[in-house]
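Chemist: here is a sequence together with a model predicted from it:
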Amino acid sequence: MNNSSLLKQVLLKFTDSFKEHHKDVSAVRLTPDKHLWLGSDETSTIERLSYIDDKTFAEHKHFEVTDFIDLPALPEEEIDIEGFAYSAPYLWFVGSHSWKRKKPKPDKTDKKILTD
């Protein structure tokens, strides 16, 4: 068997809303229902394309992460999605940014430090 027969190109059709970030894709997962999930380094969104045929993924759907979970930053801030996992019926993602807390002041009680 020829190695080139294992390689296949597919067309990914995004709506205009993702055009500026399509080159920043940092995570991809194909789920059993033939949805291709994509995460970007530069957004706090998850994109989904649906399998159309052997050459095309289209029907782009855009999901704001803040519609599902609370984030410590504003919705327009990036969360730098680095990976996806799937365990039916859940799609999991991991990002590389964290919310850094201020250093505790020595004159504060433990309770005050945790609530600041």
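Modeler: Received it, and whenever you're ready, just let me know what you need.
Chemist: give me the buried positions along stretch 67-85.
Modeler: L71, E78, I79, D80, I81, F84 (16 or more other C-beta atoms under 10 Å). Where C-beta positions appear, they are placed from N, C-alpha and C, glycine not excepted.
Chemist: typed the wrong thing, it's stretch 41-61
Modeler: Quick answer for stretch 41-61 (16+ other C-beta under 10 Å): D41, T43, S44, T45, I46, E47, R48, L49, F57, H60.
Chemist: any chance of those in a markdown table, with distance to D110, pLDDT and secondary structure too?
Modeler: Converted to a markdown table, the buried residues of stretch 41-61 look like this (distance: C-beta to C-beta, whole Å; pLDDT from 0 to 100; DSSP: H, G, I helix; E, B strand; the rest coil):
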| residue | distance to D110 | pLDDT | secondary structure |
| --- | --- | --- | --- |
| D41 | 37 | 79 | coil |
| T43 | 37 | 81 | coil |
| S44 | 32 | 83 | coil |
| T45 | 37 | 86 | strand |
| I46 | 37 | 92 | strand |
| E47 | 42 | 92 | strand |
| R48 | 43 | 94 | strand |
| L49 | 48 | 94 | strand |
| F57 | 51 | 94 | strand |
| H60 | 48 | 91 | strand |
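Chemist: for Q9, state which of the buried residues of stretch 67-85 is nearest.
Modeler: F84 (21.6 Å; C-beta to C-beta).
Chemist: quick one, what contacts the closest one?
Modeler: A27, V28, R29, W37, G39, L91, W92, F93 (C-beta atoms under 8 Å, 6 or more residues apart in numbering).
Chemist: among the residues you listed, which pair sits farthest apart?
Modeler: Top of the distance list for the contacts of F84 (C-beta to C-beta): V28 and W92, 13.8 Å.
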